[in-house]
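Asker: Pasted the sequence and its predicted model underneath.
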Amino acid sequence: MKKILFVMLVAIGFSQFAHAQIYITRTGYIGFFSKTPMEDIKAENSQVYAVIDVAKKNIAFAALLKGFLFRKQLMQEHFNENYVESDKYPKATFSGTFKSNEDVTQNGVHNVDVSGKISLHGVENPVTTTATLEMKDGKLTGKAHLLMVPGDYNIQIPSLVREKIEKEIKVEILIECSATK
Amino acid sequence: MRKRTIFFVGIILCLLATGIAYYLYQKPRTNLAHVSADYAIQAPELFNKFQQNEPEANKQFLNKIISVKGAVQSVQQSGGNTVIVLDAGPTTGGINCSMASAPADVGSLKEGDSIQLKGRCTGFLMDVNITDAVIEK
């Protein structure tokens, strides 16, 4: 985790030398959704930190699990206390790289392949996904969808509520990054 | 006769328990507008506490309702979510406040405006993070 912050700080530091190569946000969005006939579950975090280095093609995310907000109070408490144990593991992070045949510094929507590692609940797993990066007037917007299986991160769903939660959780990511000054 | 009374009392208790359970289950997330703050603090001071000793600051502030006063650094609105970042002095970090709802006067908030926000502290990640925030003044 300290590494991510370090990367962020280095990214900010480096920006003094490499103009408009590093894009950051502190207000990115990650939402996750599970829909079963029994229950619709939705949680959203709009305080996601992201850094994209377009020259090195690096990308990193960090978010606090307590920042995921549910509509129902009880669900949010269960999520924090029983599922992700946010007092013990407060942060979720991703760090990786992206590949693209296009020049993402040019205006337009670019398809990219992202691969890296997600760290959540004390477990680190490799992940790959397709995503889009849109460059528009100096702002870089990243969008991705992926599926995550709670069991992969050692998150146990009690049998009592297993029917109410999908096996694969849909995760939606939207980050609008500005170039560092 | 007695048996019947016990039976009906039993039924009523069951209904009551189900009702309470259902109410608790459906209860929406707490609206903090009418909850009093556990701490009132200036933005730079709050940031410094986390910067200097994160575990200690977590013990004090995590999950607590904090009233923070500071200068607006930026206002971000996307997809129905509003986030206001408060300045914390000469540092890259700040106080990152996700608003419970978009404040009515959000459009007129400018960089440097002094405001006071109240919300739940969720931890530290480059900024001190606060959720469900409402503007106090």
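Answerer: That came through, no problem.
Asker: looking just at contacts, which helices and strands does the worst-scoring helix or strand of chain B on mean pLDDT meet?
Answerer: Least confident element among the helices and strands of chain B, by mean pLDDT, DSSP states H and E: helix B:2-26 (a mean of 88). For helix B:2-26, not one helix or strand is in contact under the criterion 3 or more CB pairs under 8 Å, 6 or more residues apart in numbering or on different chains; DSSP states H and E. Just so you know, the C-beta spots here come from the backbone N, C-alpha and C atoms, and that holds for glycine as well.
Asker: Off-centre distance for it?
Answerer: 34 Å (CA atoms, centre = their mean, to the nearest Å).
Asker: what comes up buried for it?
Answerer: Neighbour counts over helix B:2-26 (16 or more other CB atoms under 10 Å in any protein chain shown) mark no residue as buried.
Asker: what's the following helix or strand after it?
Answerer: Later in the chain than helix B:2-26, the nearest helix or strand by DSSP states H and E is strand B:39-42.
Asker: can you tell me the average pLDDT over the next helix or strand after that next one?
Answerer: Later in the chain than strand B:39-42, the nearest helix or strand by DSSP H and E is helix B:43-52. Averaging pLDDT along helix B:43-52 gives 94.
Asker: quick one: contacts of the least confident helix or strand of chain B?
Answerer: Helix B:2-26 has contacts (CB atoms under 8 Å, 6 or more residues apart in numbering or on different chains) with A:Lys72, A:Leu74.
Asker: Stretch A:81-96 now?
Answerer: With CB under 8 Å, 6+ apart, stretch A:81-96 has contacts from A:1, A:3-4, A:7, A:58-66, A:79-80, A:114-122, A:127, A:150, A:155-158, B:58, B:62, B:123, B:125.
Asker: Can you spell out which residues form a bridge with B:Cys97?
Answerer: Going by DSSP bridges, B:Cys97 is paired in beta bridges with B:Ile84, B:Ile130.
Asker: Kindly report the same for A:Val109.
Answerer: Applying DSSP bridges, one finds that A:Val109 bridges with A:Glu134.
Asker: Can you list the low-confidence ranges for chain A?
Answerer: A:1-20, A:181 (pLDDT under 70).
Asker: Now list the buried members of the contacts of stretch A:81-96.
Answerer: Taking 16+ other CB under 10 Å as the criterion, what is buried in these is A:4, A:7, A:58-66, A:79-80, A:114, A:116, A:118-121, A:127, A:150, A:155, A:157, B:58, B:62, B:123, B:125.
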